[in-house]
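>>> Sharing a model prediction with you, sequence too.
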Amino acid sequence: MSKPLNVGVIGVGGIAKMHFPGWKESPHAQVTALADLAPEMLRRTGAAQGIDRLYENPQDLINDPDIDIVDICTPNAYHMPLAVAALEAGKHVICEKPLAPTPDDVRTMIAARDKSGKKLMTAQHFRFQGTSQALKAELDRGVLGEVYHARSWMLRRNWTPVRPTFIYKKNSGGGPCIDIGVHILDLTLWMMGHPKPVSVSGVTQERLSHQESAFSRANNIAIPPDMDVEEFAAAFVRFENGATLNLEVSWLLHHKVPENKTEDMQMWLYGDKGGAHWPSSELLSTHNPTRQIFDAKLQNIPNLGEAHARECIEFARCVAEDLPSPVPAEESLDVTLILDGLYRSAQSGREVRLDG
């Protein structure tokens, strides 16, 4: 095979640890450099991964002429400037979700991508699960007909990530909408075939996070009283083709979650030929002439391995073989448009138009 692509990871805490196995498994790429503003964490991670090219300034990694791919695993607020700098330096970029906190930031990244001629992908790992790939293949065959409504939620019970990079708007751009809502929203739009969103009506709530003694089961610690992002959000989205979507996301909700899980994540899709549920991979339909009701469950679910690893493997493949980005930035722009519209609608108390 040709020389492996060299990957530089910016931001070595948290989610980066989920990316390293994929880069190790990839036949096309290898991690050769790391960057982080925290020197001790950078040294520990470098030692654990066997990497000695370490940069305390991310720009130094971006300027490294040996780096082919930059993997951005930083807090949300830093995605756009780092991605643009990397693209301008001639690097391909895979960036953790959300691609950026605002639509204008995403548009800036797309413009930099187009000018550079390099690849840009959002790390939406739920697309790379076997259940997702199997159901998407059936939907692309038209088993549901035209999907005209969807219901999606990602709900946690007392499970707020109590870290500054999540609970303060200056770092994250928002709360569960930006953190976990982006997952289920991206997955739902992908399953629906990415209809164009035209309007959003949304609400946000901070009912539980500011109660006395509010806490998170994540590490069983108190929620700081100055947390300034929402804890719950809901939206009703209209699309250009007439389809609609109900979306709910929360870190803190009196909602039952599956045993041994931190959250309840589900999606229902309704078409004129049938319905579908994720992650159970169930399909529902009727046969009107005989008045029969049919329920089925997909059996041949592919074993694709851990989804965070798979997304890195697939991005390296798309670069090595000059294939389209597995998660096009234009699709991430629609996700960001909806989330931004939700926030604006919640603030104004009115439906927000997204089509101009």
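Nice, thanks for sending it over.

>>> Please make it C-alpha for all contacts and neighbour counts, starting now.
Fine.

>>> Not counting sequence-adjacent ones, nearest residue to Ser250?
Phe232 (4.2 Å; Cα to Cα, 6 or more residues apart in numbering).

>>> just Asp66 next, same as before
Take Asp66 and drop its neighbours on the chain: the residue closest to it by Cα to Cα, 6+ apart is Asn6, 6.8 Å away.

>>> elements contacting whichever strand or helix holds Thr336?
Take DSSP states H and E as the rule and Thr336 turns out to sit in helix 329-348. Taking 3 or more Cα pairs under 8 Å, 6 or more residues apart in numbering; DSSP states H and E as contact, the helices and strands that helix 329-348 lies on are helix 103-116, strand 120-123, helix 182-192, strand 197-205, strand 232-239, strand 352-353.

>>> Give me the residues contacting it.
98-103, 106-107, 110, 120-122, 177-178, 182, 185-186, 189, 194, 196-197, 199-204, 234-235, 237, 351-354 (Cα atoms under 8 Å, 6 or more residues apart in numbering).

>>> Show me which positions of that helix end up buried.
For helix 329-348, burial by neighbour count (16 or more other Cα atoms under 10 Å) applies to 329, 331-346.

>>> now do stretch 250-260
Using 16+ other Cα under 10 Å as the test for burial, stretch 250-260 gives Ser250, Trp251, Leu252, Leu253.

>>> Quick one, grab the pLDDT at the second one.
Looking at Trp251, its pLDDT is 97.

>>> That one touches Leu155, doesn't it?
Yes. Assessed by Cα atoms under 8 Å, Trp251 is found in contact with Leu155 at 6.4 Å.

>>> As a check, name the ranges of all strands in the stretch 151-300 of the chain.
197-205, 215-216, 221-222, 232-239, 244-250, 263-271, 275-278, 282-287, 292-297 (DSSP state E, counting those that start in this stretch).

>>> between the fifth one and strand 263-271, how big is the angle?
Just to be clear, that refers to strand 244-250. Put simply, strand 244-250 runs at 180 degrees to strand 263-271, going by axes from the mean of the first three to the mean of the last three Cα atoms, to 10 degrees.

>>> Strand partners (parallel or antiparallel) of strand 244-250?
strand 147-156 (parallel), strand 232-239 (antiparallel) (DSSP bridges).

>>> Nearest to Leu304 among those strands would be which one?
Among those, strand 147-156 comes nearest to Leu304, with 22.7 Å by Cα to Cα.

>>> in the closest one, what counts as buried?
The neighbour-count check on strand 147-156 (16+ other Cα under 10 Å) flags Val147, Tyr148, His149, Ala150, Arg151, Ser152, Trp153, Met154, Leu155, Arg156 as buried.

>>> How about the contacts made by the nearest residue to the first one once chain neighbours are set aside?
Translated: Val147. Closest residue to Val147 apart from its sequence neighbours, by Cα to Cα, 6+ apart: Gly271 at 3.9 Å. By Cα under 8 Å, 6+ apart, the contact set of Gly271 is Leu144, Gly145, Glu146, Val147, Tyr148, His149.
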